[in-house]
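Visitor: sequence first, predicted model second:
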Amino acid sequence: MRRLWGALLVVVGGLFMASPLLLHGYDTYHQKILMAEAPHPVRVGQGRLGSVPRLPQPALGTVMGTIRIPAIHVDAAFVQGTTESLLLGAPGHFDGSVLPGENGLSVIAGHNATYFHFLNRLTPHDLILVTTQQGTFRFQETFHAIWPANAGLPNSSAPTLALEACYPLNALYFTPDRYIVFARLVKTSPAARVPTGPAPVSSYQPAILPAVYHAYNLLLQDNNLPQGTLTYQGRVSSARLAAFIARGTPLSLVNAAVELVLAYQDTSQNGQVAWRNALFLTGASADNPYGDHAQIQYIDRVNYVITLNREAQPTAITVIAPDVLVNGQAMAIRWQMTIRGSHVYLTAVDARLLS
């Protein structure tokens, strides 16, 4: 029954846009490839009002160029199209909208948990630089809005850019609205160079025995773990925090935490004490508030908190389930995890009864 409930949650979430948790695996790999493929601009004449001549729409999946937003630490290759498969590791240009720099509205979408997490911090003074084979186009924000996911955007006669992300910007799931930044073209540089790509993104692995992976399906879409929000804590500067969030690292960490929680749940429900204890860092508490063979149902959404040090390196992640039914008893459960190198380990699981 819990598997059926988890599948139903995914169907509903998919109506609004699949959770970025399912997209983490390609962020690092694809960005390194895409930045290498990003075309250098060819020299072209400038059109009216600084626009460029209209070109045919490229094929879906084509690497269009790069988008840089220094104020919010975005520096990424982007592709043509916004299907699920194309958005696995890059922002995407909406097929059918004009190309950046042409007269009309050009739309680029990015995930709210990484590339476009800080869209709401943009101001009219901040530059948005989009580089394609036609040149580098400098845009500046004119206004922003929260837009229903299924509503069309207004077109424009002048070169205009719209950046789009799921809203709320810290939500991992169930996002029926979009945050839109509209920007006007302020300068065209037809012979500019393609910017250098971002640093590689770290990929994190949960400390789970291979036997657990073979015995249980730990994928989010096949389980009953409803996703809530992702937040951050630690004495880290706002600039370093923004740079950390603007990469794929947060989603890699959250996915590792999800797999640890699901492995903990499945080994508990099946009485696999040795496998469950192996999830914990050596010497850490292996108490089990679930109890073996427990019946578990998540009532409220599960939230995540990543702890960073001063250098914006992740040191821990906490998973908080505020309302879980365990054998019919309501509990609040917290999983504490620590990060050692590229691996994530459980260190403690705490539970308290809800009145």
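Guide: Right, received. Where do you want to start?
Visitor: next helix or strand past the longest helix seen in the chain?
Guide: Secondary structure of the chain per DSSP state H: the longest helix is helix 249-269. Tracing the chain C-terminally past helix 249-269 and defining elements by DSSP states H and E, one meets helix 273-277 next.
Visitor: helices and strands around that following helix, which ones?
Guide: helix 210-215, helix 249-269 (3 or more C-beta pairs under 8 Å, 6 or more residues apart in numbering; DSSP states H and E). All C-beta spots, glycine's among them, are computed from the backbone N, C-alpha and C.
Visitor: domain parsing for this structure?
Guide: Following the TED database, one finds the domains of the chain at 28-190, 210-353.
Visitor: convert stretch 158-177 to CSV, retaining C-alpha atoms only.
Guide: Taking C-alpha atoms only, stretch 158-177 is exported to CSV below (Å, rounded to 0.1, in the frame of the first residue of the first chain):
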residue,chain,number,x,y,z
ALA,A,158,11.6,44.4,-28.7
PRO,A,159,14.3,41.9,-27.7
THR,A,160,13.2,40.6,-24.3
LEU,A,161,14.3,37.8,-22.0
ALA,A,162,12.2,35.9,-19.5
LEU,A,163,13.9,33.7,-16.9
GLU,A,164,11.6,31.1,-15.3
ALA,A,165,11.8,28.8,-12.3
CYS,A,166,9.3,26.8,-10.2
TYR,A,167,7.9,28.7,-7.2
PRO,A,168,8.4,28.7,-4.2
LEU,A,169,12.1,28.8,-5.0
ASN,A,170,13.0,26.6,-2.0
ALA,A,171,10.4,23.9,-2.7
LEU,A,172,11.4,20.5,-3.9
TYR,A,173,7.9,19.4,-4.9
PHE,A,174,4.4,20.5,-5.7
THR,A,175,5.0,23.9,-7.3
PRO,A,176,2.0,25.1,-9.3
ASP,A,177,3.4,28.6,-9.8
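Visitor: which parts of stretch 270-283 are buried?
Guide: 272, 275-276, 278-281 (16 or more other C-beta atoms under 10 Å).
Visitor: nearest to L60, of the helices and strands packed on helix 273-277?
Guide: Nearest of the helices and strands packed on helix 273-277 to L60, taken as C-beta to C-beta: helix 249-269 at 23.2 Å.
Visitor: my read is that F139 contacts T131, right?
Guide: No - the pair F139 / T131 is not scored as a contact, 11.8 Å apart, by C-beta atoms under 8 Å.
Visitor: tell me the pLDDT at H30?
Guide: Looking at H30, its pLDDT reads 45.
Visitor: and for L105?
Guide: 93.
Visitor: equivalent analysis for V349, please.
Guide: Reported pLDDT for V349: 91.
Visitor: contact partners for the spatially most central residue of the chain?
Guide: What sits nearest the mean C-alpha location of the chain, by C-alpha atoms, centre = their mean, is A113, with 3.5 Å. Contacts for A113 (C-beta atoms under 8 Å, 6 or more residues apart in numbering) come out as 20, 170, 172, 230, 245, 250-251, 254.
Visitor: would CSV of those with pLDDT and distance to A71 be doable?
Guide: Output for the contacts of A113, formatted as CSV (pLDDT from 0 to 100; distance: C-beta to C-beta, whole Å):
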residue, pLDDT, distance to A71
P20, 43, 22
N170, 74, 18
L172, 70, 24
L230, 87, 21
I245, 83, 13
P250, 82, 19
L251, 77, 22
V254, 86, 25
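Visitor: taking the residues you listed, please make a ChimeraX selection of just the buried ones.
Guide: In ChimeraX, the members of the contacts of A113 classed as buried (16+ other C-beta under 10 Å) are selected with the following command:
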select :20,170,172,230,245,250,251,254
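Visitor: would you mind measuring the gap between the ends of stretch 259-278?
Guide: One end of stretch 259-278 to the other measures 14 Å (C-alpha to C-alpha, to the nearest Å).
Visitor: meant to ask about stretch 97-111, not that
Guide: 19 Å.
Visitor: what residues of that stretch count as buried?
Guide: 97-103, 105-111.
Visitor: can you tell me which of those end up in strands?
Guide: Among the buried residues of stretch 97-111, the members found in strands (DSSP state E) are 105-109.
Visitor: of those, closest to A162?
Guide: V107 (4.6 Å).
Visitor: for the closest one, which non-adjacent residue is closest in space?
Guide: F94 (3.9 Å; C-beta to C-beta, 6 or more residues apart in numbering).
Visitor: show me what the helix or strand hosting R334 is packed against.
Guide: In the assignment (DSSP H and E), R334 maps to strand 329-340. The contact analysis (3+ C-beta pairs under 8 Å, 6+ apart) places strand 329-340 against helix 249-269, strand 314-326, strand 343-353.
Visitor: counting neighbours, what do you get for the closest residue to T347 other than its chain neighbours?
Guide: Spatial nearest neighbour of T347, excluding adjacent residues (C-beta to C-beta, 6+ apart): A284 at 4.3 Å. As a burial measure, A284 scores 17 neighbours (other C-beta atoms under 10 Å).
Visitor: what about A284, which SS state?
Guide: Judged by DSSP: H, G, I helix; E, B strand; the rest coil, the three-state class of A284 is coil.
Visitor: tell me the pLDDT of it.
Guide: At A284, pLDDT is 73.
Visitor: that one touches L346, doesn't it?
Guide: Yes - if you go by C-beta under 8 Å, A284 and L346 touch, sitting 6.7 Å apart.
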